[in-house]
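**Student:** here you go, sequence then predicted model.
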Amino acid sequence: MAPTKRRSTRNAQKSPPPPSPKSQRTQTPETATESTTQPHGNDESCPACTPTTSELITGSRKENWIECDSCNAWYHWRCAGNGEDVENIAKWYCEACTKADPTRIMTFKTPARKSSRKRTQRDYANLNSGLGSDPKRWLRMLETKEIKKDPFKRLQGSELDSWLEDDEGALREPIIIEQPEGLGMKMPPRDLTVEHVAEYIGEDTPLEVIDVASQSTSPGWNLGKWADYVELEPSKREKILNVISLEISGTELADMVLPPKIVRDLDWVENFWPSTRKGKNNVYPKVQLYCLMGVADAWTDWHIDFAGSSVYYHILHGSKVFYFIRPTPANLAAYEKWSGSELQSQTWLGDMVDEVFKVELVEGNTMIIPTGWIHAVHTPVDTLVFGGNFLHSYDVVTQLRVREIEIATQVPKKFRFPMFTKLCWYVGDKYLRDFKSAAGSSLPPRVLNGVLTLAEFLVSEARILEKGSEQAKKEAKEQIPTDRIKDAPAVARELRWRAKRALGYSSDDEGGRKGKYSPTPVAGSKRRRVDEEEETSQFKNFKPKPWDAAVTTKEDENVSTCRAAKPETEGDWTGRWMAGTEGEGTGEEEATVKKGREVVIKVRRTRTGLERQRIERTVEEWTWNE
C-alpha cells in the first residue's frame, strides 16, 4: 500500500529542528506531529484559506493538512475539506484539479478487518484482590510504608575516575551526579520533545508500550501514535502508559547521545565486542542507548535490569523517583521468590526485604545504578530520559547471580541481556590475551576477582560442550564466537589458571606464585595459598585436565555464643587467631560462632587409573553482637 499523504501539524515549539521524516502519516486533530518538510505551524496559509478560516486557524493549537494527489499542493482540511474524517481518505483532489478532470474523485480506505473473536482482558495485578485496574494503587500503598532517605553519594562528573580507582565502595551503591559537566557525555538539547523523537527515529517505528495498571505490554503502538498520546492533556489520556525499552542505536537521534566516559571505559560491549562486528548490518548487544518516555503517574514495578547490568540514567527534562533495595543475598532470594509468582500481584516486595531507599531525580541529574540493585520507579510528571545498560568486570558474581534468577523465574529470552554468553566469551578471550602479552596485565583486585568468576562461568560452559546433552551442546556451541576462539575449553581453563595465578593462588592443577594482592573470596572458586618460594612452569598454551566430578558437602554445622575479644582491639591479633589461641572466654564482648565442616571430594581418570582427592576443612564465622 502506498504511504498516505494526509498529515496534520502542531504549533512549532522552540526546539531543535527535527530531520525530514522518512514517512508521513494520516492524523486527527488530537493526534498531530510537527515536520519541516511541508508548510506547518498556524501562521501558514493554503490556497483555499479565507479570512474566516485564517482567523480560526490562527487560534488553533494544531491543524490538519491534506495534499492533492494530482498537483501536490497542500491545503488545510478545515479550508478544503467536506467534513469527512481525514483519517479515512485514500485519494483526494483539490477543487481546481477536479474541475480540470471530473474523473478525479475522492476515494476512501478499505475499513480494517476486525476479528469477531472475543478476547478476555485481565488485570493480573488485581486479579486476586477483586479490584479494577488502578494505575495509582502503588502510590497509595507507598503512603503506608517505611521508606528511608537514601545514603548515596553525590559526586561531580570530574570526580568519577578517582572515585572508581580509590573508593572500595565504587560501583557498589548508586551515585548521583547533579550536573552533567565533567561526565564526558553528550545529550540532546533539553527542549527536545517526544514529537522530535518520533521524527528522528521514524513515526512508523514499532514501539513497546507498557500499560501501567497491569504492568503488561499494550499492543499496536508505534512512535507516531505514542507522540500523539503524549500530546494529549493528562485528563484526556484513557490509560497511563510508559515506554522504557526504546533502543535507538543506529538512528539519527543516537548521533546526539554519548554515554558518560566512565560508562564507556567499563562497558563490556564497548571494550570487548569486536568493532568490526558492531554498527549497521551487524548483530550485537544493542543496550547502550535507550530513550525512556514516561507520562505523569507512570509506575514501573520492582525489577532488576537484565543480567544484573548496571545503568546510567540522565533526566533530560521532567523528574523520576526511584525506590531501591540492596542486592544482598537475602534480598535477592526474596526477589527471586517474589518475581514471577503469585506474590508479585499480592505483596509489596519492600515488606520482604530489610529496607527501601528513596531517590528523587530532576532535570539535569544523572545517576549510575550498579549491578543487581532492585528498584521501582515513579514518574511524577511527563519525563524524557536517556540512558543505557552495561556489564563490567567489577561485580561479575552478582551479574551471574541475577542471570541465574532470570533462568529460575523463566524470564523469556527476549527480555534477557542479548547474546550474554557470547559477550562473556569475547571478554574472557581478551583478558587471556592480555595476561599472555609481553607487558602482562595489571588489574585492580576487584577486577581480577571478576575475571576469575567469569572464567569459572566459562569453564561451566566448556563442561556443557564436553558432557552435556546434544541439545545443550548445540546451544552452548552457538554462543562461542568462532571468529576469535578456536578451542573454547582451553581458553576457559587457561583463563581460570592465569587469573588465579595473578591473584596469588594456584589452580586445582598447577602451582602458582603468591602475588601482591590479597584477594577477597569469590563465590564458587576454590583456592589455596602457596609459598613465596614456590615456582611454576611458564608456557603459552595451558590446558589442565579437568576433574570428572567434584562434590562439596557441609557437615556438623552448629551455632554457639561465647565471649571473645574483637580482633581489632588486639595488638597482634593475627598470630593468636591463626594458632587458634584467640582467648575464647576472656573477652568482654559476646560473639556468635557458626562452625561447620566442609568435605570436598574430587575424582578424575589418569593415564594409570584414577585420582581422588578428599579435602576436609573446618570453617568458623565469628560475629560480634552490637
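**Tutor:** In hand now; what should we look at? Numbering: from 1, shown residues only.
**Student:** so where is the stretch 101-250 of the chain shaky, pLDDT-wise?
**Tutor:** Along the stretch 101-250 of the chain, the model assigns pLDDT under 70 to residues 110-133.
**Student:** how about 50 then?
**Tutor:** Residues of the stretch 101-250 of the chain that meet the criterion pLDDT under 50 lie in 112-132.
**Student:** got it, and the chain?
**Tutor:** Low-confidence segments of the chain, defined by pLDDT under 50, are located at 1-43, 60-61, 112-132, 507-542.
**Student:** outline the domain layout of it.
**Tutor:** Split into domains by the TED database, the chain comes to 62-108, 146-186+257-410, 420-503, 549-624.
**Student:** what residues of stretch 614-626 count as buried?
**Tutor:** For stretch 614-626, the neighbour count (16 or more other C-beta atoms under 10 Å) marks W622 as buried. All C-beta spots, glycine's among them, are computed from the backbone N, C-alpha and C.
**Student:** repeat for stretch 554-571
**Tutor:** Using 16+ other C-beta under 10 Å as the burial criterion, the residues of stretch 554-571 that qualify are 564-565.
**Student:** all helices of the stretch 251-400 of the chain, in order?
**Tutor:** Assignment of helices within the stretch 251-400 of the chain using DSSP state H, counting those that start in this stretch yields the ranges 261-266, 268-272, 329-338, 343-346, 396-408.
**Student:** again, but for the stretch 401-550 of the chain
**Tutor:** Along the stretch 401-550 of the chain, the segments classed as helices by DSSP H, counting those that start in this stretch run 420-436, 445-467, 470-478, 488-503.
**Student:** ok, back up a step: adding mean neighbour count as columns, could you present the helices of the stretch 251-400 of the chain in TSV?
**Tutor:** Supplementary listing: these in TSV, determined by neighbours: other C-beta atoms under 10 Å:
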stretch	mean neighbour count
helix 261-266	19
helix 268-272	19
helix 329-338	17
helix 343-346	15
helix 396-408	20
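**Student:** of those helices, which is nearest K595?
**Tutor:** Taking C-beta to C-beta as the criterion, helix 329-338 is the member of these that comes nearest to K595, at 19.9 Å.
**Student:** what sits up against the closest one?
**Tutor:** Taking C-beta atoms under 8 Å, 6 or more residues apart in numbering as the criterion, the residues outside helix 329-338 that touch it are 302, 304, 325, 343-344, 347, 349, 352-354, 372, 374, 401-402, 405, 408-409.
**Student:** 10 Å instead?
**Tutor:** Counting by C-beta atoms under 10 Å, 6 or more residues apart in numbering, the neighbours of helix 329-338 from elsewhere in the structure are 302-304, 308, 325-328, 343-344, 346-355, 372-374, 398, 401-402, 404-406, 408-409, 523.
**Student:** before we move on, the earlier item: dump the helices of the stretch 251-400 of the chain to TSV, plus distance to K236.
**Tutor:** TSV is the format used below for the helices of the stretch 251-400 of the chain (distance: least, C-beta to C-beta, whole Å):
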stretch	distance to K236
helix 261-266	38
helix 268-272	41
helix 329-338	35
helix 343-346	29
helix 396-408	38
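**Student:** could I get the domains of the chain as JSON lines with distance to R140?
**Tutor:** Written out in JSON lines, the entries for the domains of the chain read as follows (distance: least, C-beta to C-beta, whole Å):
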{"stretch": "domain 62-108", "distance to R140": "35"}
{"stretch": "domain 146-186+257-410", "distance to R140": "11"}
{"stretch": "domain 420-503", "distance to R140": "37"}
{"stretch": "domain 549-624", "distance to R140": "39"}
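**Student:** nearest to D228, out of these?
**Tutor:** domain 62-108 (10.2 Å).
**Student:** how about D211: what's its closest non-neighbour residue?
**Tutor:** By the measure of C-beta to C-beta, 6 or more residues apart in numbering, the closest residue to D211 outside its immediate chain neighbours is S218, 4.4 Å from it.
**Student:** now M419
**Tutor:** Once flanking residues are discounted, M419 sits nearest to P285: 5.2 Å by C-beta to C-beta, 6+ apart.
**Student:** and the one you found, how far from V381?
**Tutor:** As defined by C-beta to C-beta, to the nearest Å, P285 lies at a distance of 32 Å from V381.
**Student:** neighbour count: the two, which is higher?
**Tutor:** Of the pair P285 and V381, P285 is the one with more neighbours under other C-beta atoms under 10 Å, namely 23 against 15.
**Student:** quick one: residues contacting the more buried one.
**Tutor:** 247, 249, 267-269, 273, 278, 307, 309, 389-391, 417-420, 422-423.
**Student:** what about the nearest residue to K473 once chain neighbours are set aside, how many residues close to it?
**Tutor:** The shortest distance from K473 to any residue that is not its chain neighbour, by C-beta to C-beta, 6+ apart, is 5.8 Å, and that residue is L465. L465 has 16 neighbouring residues, counting by other C-beta under 10 Å.
**Student:** for E238, see how far away L465 is.
**Tutor:** Between L465 and E238 the distance is 52 Å, computed by C-beta to C-beta.
**Student:** same check, this time on V491
**Tutor:** Relative to E238, V491 is positioned 55 Å away (criterion: C-beta to C-beta).
**Student:** more neighbours, those two?
**Tutor:** Neighbours around V491 and E238, counted as other C-beta under 10 Å, are more numerous at V491. The numbers are 25 against 7.
**Student:** I'd say that one and R484 touch.
**Tutor:** Yes: in this structure, V491 is within contact of R484 by C-beta atoms under 10 Å, at 9.1 Å.
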